[in-house]
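Trainee: I'll drop the sequence and a predicted model, then ask my questions.
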Amino acid sequence: MTAWLARRIGQALLVIVAMTLVVFVGLHAIGNPADILIGEDLNQQERLEAIARLGLDRPLWQQYLAFVEGAVRGQLGRSFVYQEDAVRLILQRLPATLELAVSALVLAVVVGVPLGLYAGMKPDHWLSKLLMAGSIVGFSLPAFWVGLMLIMVFSVQLGWLPASGRGATVEVLGIGWSWLTPDGLQHLLLPALNLALFKLSLVMRLTRAGVREILPQDFVKFARAKGLPTLRVMVRHVLRNTLIPLVTVLGLELGSTIAFAVVTETIFAWPGAGKLILDSINALDRPVVVAYLIVVVTLFVTINLVVDLLYRVLDPRVRLEAAK
């Protein structure tokens, strides 16, 4: 177990180092941040002094080594635009993105798993066929179009839900959460639904496929032959084995949702990290971009580690293989 954990951490560090190098080279190839950040009204001497203050007067390899030296000390640089610590700037916005991503994933699981179970148990029923057709629609519709339609229907025409913002929040451990207030829940519902549509369709189809694969297995037939109730057979035997591949997909989807929630955050004016990174890319704010990607990669690695641990809980074969 210790060797496996050490190997995973080593692999994660290599991925982070490679990612920072690619980002440094890529942003340098796109353009010079000084052309965007420094005003044209400055004379040549003032311009050179501003470039030196930003650390852009040195060769790229020296800038990268300076970044690595600061990262070892836990400092990932200061934002060129906001003149704040890049990590602090991201951590101020990240809870809103995490709240939105987790809410969307919970919504997809709570709705998608029962519907997938029903569609797998009764594949020939008209409702099951309707659910599968609806899941294809959920895969096909672009998120920005769905978001605009949700705003037009529920905010503009019906006036039931707010169209933008995060609403009232309650601080817990120094972090504001909107799902703890009625106003915050109203603001959270539409963006979470927009973000969850694709994942709900994916969860539903994966659950149905898993149920159709597991139902003919001998251990399910034996459980039914023993006279166990149908609900217990579905929950204890079918659902538990269906969750094994589903956990992997959900872990990856949670990471991608956190990383790529920028479309939903932009449409609903949700004050998360996705909007921040989009503005930073447009301004070539390299410290914020690199720090954000490091945070996201760290989240991905942590989620994958949790998924592997859940595999050990759900599948005894994994525990036996690790023991060997």
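Mentor: Arrived safely, thanks for sending. Numbers count the residues shown, from 1 in each chain.

Trainee: OK, contacts around residue 292?
Mentor: 86, 90, 273, 276, 277, 280 (Cβ atoms under 8 Å, 6 or more residues apart in numbering). For glycine as for every other residue, the C-beta is placed from the backbone atoms N, C-alpha and C.

Trainee: Pop the domain breakdown of this structure in here.
Mentor: Annotated domains of the chain cover 14-72, 92-323 [automatic domain parsing].

Trainee: Show me the shaky parts of the chain.
Mentor: Where the chain drops to pLDDT under 70, the residues are 1, 4-5, 27-57, 74, 311-324.

Trainee: need the longest helix for it.
Mentor: Taking DSSP state H as the criterion, the chain has its longest helix at helix 86-121.

Trainee: Which positions within that helix qualify as buried?
Mentor: Of the residues in helix 86-121, 86-87, 89-90, 93-101, 103-105, 107-109, 111-113, 115-121 count as buried by neighbour count, 16 or more other Cβ atoms under 10 Å.

Trainee: Could you do stretch 275-287 as well?
Mentor: Buried, per 16+ other Cβ under 10 Å, within stretch 275-287: 275, 276, 277, 280, 281, 283, 284, 285, 286, 287.

Trainee: Show me which of those is closest to residue 268.
Mentor: Distance to residue 268 across the buried residues of stretch 275-287 (Cβ to Cβ) is lowest for residue 275, with 10.1 Å.

Trainee: Nearest to residue 8, out of the contacts of residue 292: which one, please.
Mentor: Nearest to residue 8 out of those is residue 90 (Cβ to Cβ; 23.9 Å).

Trainee: And the closest one, how far from residue 9?
Mentor: Applying Cβ to Cβ, to the nearest Å, the value for residue 90 to residue 9 is 22 Å.

Trainee: Then residue 287?
Mentor: To residue 9, residue 287 is 25 Å away according to Cβ to Cβ.

Trainee: So which of the domains of the chain is nearest residue 78?
Mentor: Closest approach to residue 78 among these (Cβ to Cβ): domain 92-323, 6.0 Å.

Trainee: Tell me how far that closest one lies from the chain's centre.
Mentor: Computed by Cα atoms, centre = their mean, to the nearest Å, the chain-centroid distance of domain 92-323 equals 9 Å.

Trainee: Stretch 88-95 now?
Mentor: Centroid separation between stretch 88-95 and its chain, computed with Cα atoms, centre = their mean, is 15 Å.

Trainee: which residues are contacting it?
Mentor: Residues outside stretch 88-95 that contact it (Cβ under 8 Å, 6+ apart) are 79, 82, 175-177, 271-273, 275-276, 288, 291-292, 295.

Trainee: Pull out the buried residues from the residues you listed.
Mentor: Taking 16+ other Cβ under 10 Å as the criterion, what is buried in the contacts of stretch 88-95 is 79, 82, 176-177, 271-273, 275-276, 288, 291-292, 295.

Trainee: hang on, the earlier thing: redo the contacts of residue 292 as a markdown table? Include distance to residue 193.
Mentor: As requested, the contacts of residue 292 are arranged in a markdown table below (distance: Cβ to Cβ, whole Å):
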| residue | distance to residue 193 |
| --- | --- |
| 86 | 32 |
| 90 | 26 |
| 273 | 20 |
| 276 | 23 |
| 277 | 23 |
| 280 | 27 |
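
Trainee: Correct me if wrong: residue 198 contacts residue 140.
Mentor: No - between residue 198 and residue 140 there is no contact under Cβ atoms under 8 Å: 9.5 Å.

Trainee: Look at these two and report which has more neighbours.
Mentor: Shown here are residue 198 and residue 140; by other Cβ atoms under 10 Å, residue 198 has more neighbours (21 against 9).

Trainee: So that one lies in a strand, does it not?
Mentor: No - Residue 198: not assigned to a strand; according to DSSP: H, G, I helix; E, B strand; the rest coil it is helix.

Trainee: mind checking how far it is from residue 160?
Mentor: Residue 198 is 23 Å from residue 160, where distance means Cβ to Cβ.

Trainee: Buried residues of stretch 130-140, list them for me.
Mentor: 131, 132, 135, 138.

Trainee: so which of those comes closest to residue 61?
Mentor: residue 138 (46.8 Å).

Trainee: Quick check: which element contains that closest one?
Mentor: Assessed by DSSP states H and E, residue 138 sits inside helix 126-140.

Trainee: same thing with residue 83?
Mentor: Of the helices and strands defined by DSSP H and E, none includes residue 83.

Trainee: Please settle this for me: is residue 171 part of a strand?
Mentor: Yes - counting by three-state DSSP, residue 171 is part of a strand.

Trainee: Can you report how many residues lie near it?
Mentor: For residue 171, the neighbour count with other Cβ under 10 Å is 9.

Trainee: tell me the contacts of it?
Mentor: Each residue near residue 171 by Cβ under 8 Å, 6+ apart is listed here: residue 177.

Trainee: Now do it against residue 96, distance only.
Mentor: As judged by Cβ to Cβ, residue 171 and residue 96 stand 13 Å apart.
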